[in-house]
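J.: When you get a sec, could you give me coordinates for this:
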Amino acid sequence: MTPSPSKGLLKDTVLYSMGQILPRMIAFLLLPILSRYLTAEDYGALGMLAILSLVATSIATLGLNWSLAKGYFSTNDRSVRDGLIWSSFLTIMAYNAALFLAVYLGRETLSYLLLGKPEYGLLVVVAFLSVSLSGLLIPFTSYLKFEQKAGTVVLLAVFEVLSSSFLTLYFVIGKGLGPLGPLLGQLFAQALLLPLFLAIALARVQLTLSFGTEFRASLAAGLPFMMSFVGSFLLQSGTRLSLVETRGFEEGGIFFVSQNCSKILELLVMGMMTAWFPAIARIIQNDQETVQAVRKMTRAYLTIISIPVAAACFFAKPLMTVLVPSPLSEGWRAIGLLTLAQAVYGFYAIHQPLFVLKKKSVWQVSLEAIFGVVALFMAYPLSYFLGFVGAAAAQFLACLFLSSGAVVFLRRRLHLQYETGRLFKVLTALCFVFVLSLFQPDYLPYQFFNAFIGVILYLIYLWHRILETDEKEQVKNMMARFVTREA
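T.: Here you go, the predicted model:
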């Protein structure tokens, strides 16, 4: 029996979010170590290879990472659902084998286009192979999410990042492989994860194939997402590319490190999306229920996400000063803007299930591409004059335009409703927090003290100006239950 839409939603949201954040925190804590062995230029090269991974991820999964839910929840037949999982796995595997051959043959050309040197072909091959292995896991991770096995997904994700981190340290420090080290660490971690997922799937999912209506519907809905790399590339990586071209690999490396620091917020958003996607898929046929659910989700998102954004803005300078050497530590000036950009992009991203399930995938890809081009046009002049801070500003503005465009589109096509007053107050407050965070003393203890005071003041503002009475009661009840449990 399919679980109810709301059953375990809060628990799954917390689990998926923590499962995304904790691994990123581990990677963040490794930054002071790796930054002693990898130069800003090395990080710049890794940033350019991340562009290849972004493009390859969209292409290698056939869009099934988004659309598999459509076919899965369109039937209650257990054998059809199981067959859909295995059919998707075999399709992705055969398709990626052909893609890998093409990448291997063109590795020197891709290396020259990305890094300006054909001799980095090995890095290109390793980066793509890691993406391919990750793509093979999509049907199995999707199955676990659909069946609300959040604990299993989180445990496997933590295992992946722990193994990847230790292997990266081994290859970078022990073997001195430079930028190849992190790529090999990720590749070997994916290789360890694949047999674990296969074992779980063989134990839980009947080994059968189903290439029928449900599979074709999922594939048809997913194929437009193969082109989503255009918008994603322009929004997330186009600014980095323009920065490297105008300012060089050093500033590109600083920007890449700043982006990675801000991605902790992105992973919190991904945790929410992972938990909410199956819940929306189960109620998508009921328009009224969908509108109410989206209103509640966006309301919760705005409230929750604003807290880590404020903390990131205030703590960026002292933490970067402590954790990484110069010139990478200068990236603190971009982290606030990049975190704001991730928060605004996240507001758009939590609507992605609606585009998929309501057959608006082409509109979604078009919106991303249009505003990605806007980002690229803004990035070149801003990067040229302001360096990595200008690139961060371009990314923030593009994400703001994208989210605004998506809200306008969804309100007209799906008649969604939003709390515009709360949206305006939260965004205005966070912009003020970012500006305030730029004016910090040079003395490190004062920086930490000011950061703590800033976060506390924002929480007070959130309590008195944003939260409504029912939300305050919910918070009080949660705290009371926690205190009672601890006692």
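J.: Quick check: the gap between residue 116 and residue 389.
T.: To residue 389, residue 116 is 24 Å away according to C-beta to C-beta, to the nearest Å. The way it works is simple: take the backbone N, C-alpha and C, and place the C-beta from them, glycine included.
J.: more neighbours, these two?
T.: A count of neighbours by other C-beta atoms under 10 Å puts residue 389 above the other of residue 116 and residue 389, at 23 against 12.
J.: Contacts only, for that one.
T.: By C-beta atoms under 8 Å, 6 or more residues apart in numbering, the contact set of residue 389 is 333-334, 337.
J.: just for the stretch 201-350 of the chain, where's the confidence low?
T.: Filtered on pLDDT under 70, the stretch 201-350 of the chain yields the residue ranges 225, 227-234, 236, 264, 266-285.
J.: all helices of it, in order?
T.: 213-222, 228-232, 238-247, 249-283, 287-323, 332-349 (DSSP state H, counting those that start in this stretch).
J.: right, and the ones you listed - which one's nearest residue 197?
T.: helix 249-283 (15.9 Å; C-beta to C-beta).
J.: hmm, back to that, quick one: which of the helices of the stretch 201-350 of the chain is nearest residue 456?
T.: Of all those, helix 287-323 comes closest under C-beta to C-beta, at 10.0 Å.
J.: And that closest one, what's buried?
T.: Buried residues in helix 287-323, counted by 16 or more other C-beta atoms under 10 Å: 290, 293-294, 297-303, 305-306, 308-321, 323.
J.: measure residue 71 to residue 464 for me?
T.: From residue 71 to residue 464 the distance is 47 Å (C-beta to C-beta).
J.: Give me the more crowded residue out of the two.
T.: The residue with more neighbours, out of residue 71 and residue 464, is residue 71; 26 against 9, by other C-beta under 10 Å.
J.: which helices and strands sit right next to the helix or strand harbouring that one?
T.: Element membership of residue 71 [criterion: DSSP states H and E] is helix 64-72. For helix 64-72, the packing partners by 3 or more C-beta pairs under 8 Å, 6 or more residues apart in numbering; DSSP states H and E come out as helix 78-105, helix 138-146, helix 213-222, helix 249-283, helix 352-357.
J.: Can you give me the buried ones in it?
T.: So for helix 64-72, counting by 16+ other C-beta under 10 Å, buried means 64-72.
J.: can you list those in TSV and add pLDDT and distance to residue 237?
T.: Formatted as TSV, those follow (pLDDT from 0 to 100; distance: C-beta to C-beta, whole Å):
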residue	pLDDT	distance to residue 237
64	81	22
65	75	18
66	71	19
67	79	23
68	84	25
69	80	27
70	78	28
71	84	30
72	85	31
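J.: and which of those residues is nearest residue 189?
T.: residue 65 (18.5 Å).
J.: Quick check: of the contacts of residue 389, which has the highest neighbour count?
T.: Going by other C-beta under 10 Å, residue 334 tops the contacts of residue 389 with 29 neighbours.
J.: does that one really touch residue 386, like I thought?
T.: No - using C-beta atoms under 8 Å, residue 334 makes no contact with residue 386, being 9.8 Å away.
J.: Quick check: the gap between residue 380 and residue 245.
T.: Distance of residue 380 to residue 245, computed by C-beta to C-beta: 8 Å.
J.: who's more crowded, the two?
T.: With neighbours defined as other C-beta under 10 Å, residue 380 and residue 245 compare such that residue 380 has more, 19 against 13.
J.: who touches stretch 90-103?
T.: Residues from elsewhere that reach stretch 90-103, judged by C-beta under 8 Å, 6+ apart: 56, 59-62, 64, 110, 124-125, 128-129, 132, 135-136, 138-139, 209, 219.
J.: cool, stretch 218-226 as well?
T.: Here stretch 218-226 has contacts from 58-59, 61-72, 84, 88, 91, 356, 359, 361-362, 364-365, using C-beta under 8 Å, 6+ apart.
J.: try 6 Å
T.: With C-beta atoms under 6 Å, 6 or more residues apart in numbering as the test, stretch 218-226 has contacts from 58-59, 62-64, 66-68, 70-71, 361-362, 365.
J.: Residue 156: which of those residues is nearest?
T.: Closest to residue 156, out of all of the contacts of stretch 218-226 and judged by C-beta to C-beta, is residue 68, at 17.6 Å.
J.: Any figure for the gap between the closest one and residue 389?
T.: From residue 68 across to residue 389, the span is 40 Å (C-beta to C-beta).
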